[in-house]
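A.B. asks: What would the 3D arrangement of this be:
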Amino acid sequence: APARPLDGPVPISTQGAPARPLDGPVPPGPPLPPSAPVMLHPWEEQFSHLQAWPQIDVFFQGYLRAMIQYGFITMFVASFPLGPLFALTHTLFIIRFDAIKLVCTMRRPPAFRADGIGIWQTVMDLVGLAGVVTNGLVIAVTSNYITKWVYAVSYTWDLTGFVNA
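C.D. replies: Below is the predicted model:
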């Protein structure tokens, strides 16, 4: 019975390209004759076509994009209540596209331990505080609440004589 392609190493020439030498150290075993093609596993050949993980801080762009989105949502949710729904939809698409990019075009990123998200936690706290203040001001400026409260404190608590203008 013919061997299936995943049963073991296959020469590159069976995949439509000429065989090429193996990158890296030679595996243990009997020495190969100089003219013998080196057999690579399919995953070894696919690995050579993937991009290396970028050496720059790739997480900065992701955190920056998330902070900008978080800022707009928290600061202007009173003005546009459907904003969080649109942000959620956008985030789900971005997660899916990033997953496809990482799985199909890049090598596995190097793992490293982190204690947290660093300075981004402070940025989130400040943006959350700014969001509370901004939403309070938006509601105060666009409603009659402050006008009614000032009238009630100044004249009468039952708002007799107050005109909604």
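
A.B. asks: contacts, neighbours, all on C-alpha from now
C.D. replies: Noted.

A.B. asks: For the helix or strand where G136 lies, list every residue counted as buried.
C.D. replies: In this assignment (DSSP states H and E), G136 forms part of helix 119-142. Neighbour-count burial for helix 119-142, counted by 16 or more other Cα atoms under 10 Å, picks out 124, 127-128, 131, 134-135, 138.

A.B. asks: Does anything pack onto that helix? Which helices or strands?
C.D. replies: Judged by 3 or more Cα pairs under 8 Å, 6 or more residues apart in numbering; DSSP states H and E, helix 119-142 is in contact with helix 58-76.

A.B. asks: which other helices and strands contact the helix it packs on?
C.D. replies: In terms of contacts (3+ Cα pairs under 8 Å, 6+ apart), helix 58-76 is packed against helix 83-105, helix 119-142.

A.B. asks: List the contacts of it.
C.D. replies: By Cα atoms under 8 Å, 6 or more residues apart in numbering, the residues outside helix 58-76 that reach it are 83-84, 87, 120, 123-124, 127-128, 130-132, 134-135.

A.B. asks: quick one: buried residues of it?
C.D. replies: 67, 69-71, 73-76.

A.B. asks: Kindly report the same for stretch 142-149.
C.D. replies: Judged by neighbour count using 16+ other Cα under 10 Å, the buried positions of stretch 142-149 are K148.

A.B. asks: Start the count at 4 instead of 1 going forward.
C.D. replies: That works, and once the first residue is 4, the last one we named lands at stretch 145-152.

A.B. asks: now could you export just the CA positions of that stretch as PDB?
C.D. replies: C-alpha atoms of stretch 145-152 as PDB (Å, rounded to 0.1, in the frame of the first residue of the first chain):
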ATOM      1  CA  THR A 145     -28.000  68.600  27.400                       C
ATOM      2  CA  SER A 146     -30.700  68.200  30.000                       C
ATOM      3  CA  ASN A 147     -32.800  70.400  32.300                       C
ATOM      4  CA  TYR A 148     -31.700  68.600  35.500                       C
ATOM      5  CA  ILE A 149     -29.300  71.300  36.700                       C
ATOM      6  CA  THR A 150     -31.700  74.100  35.800                       C
ATOM      7  CA  LYS A 151     -34.500  72.500  37.700                       C
ATOM      8  CA  TRP A 152     -32.200  71.800  40.700                       C
END
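
A.B. asks: Alright, I will stop here.
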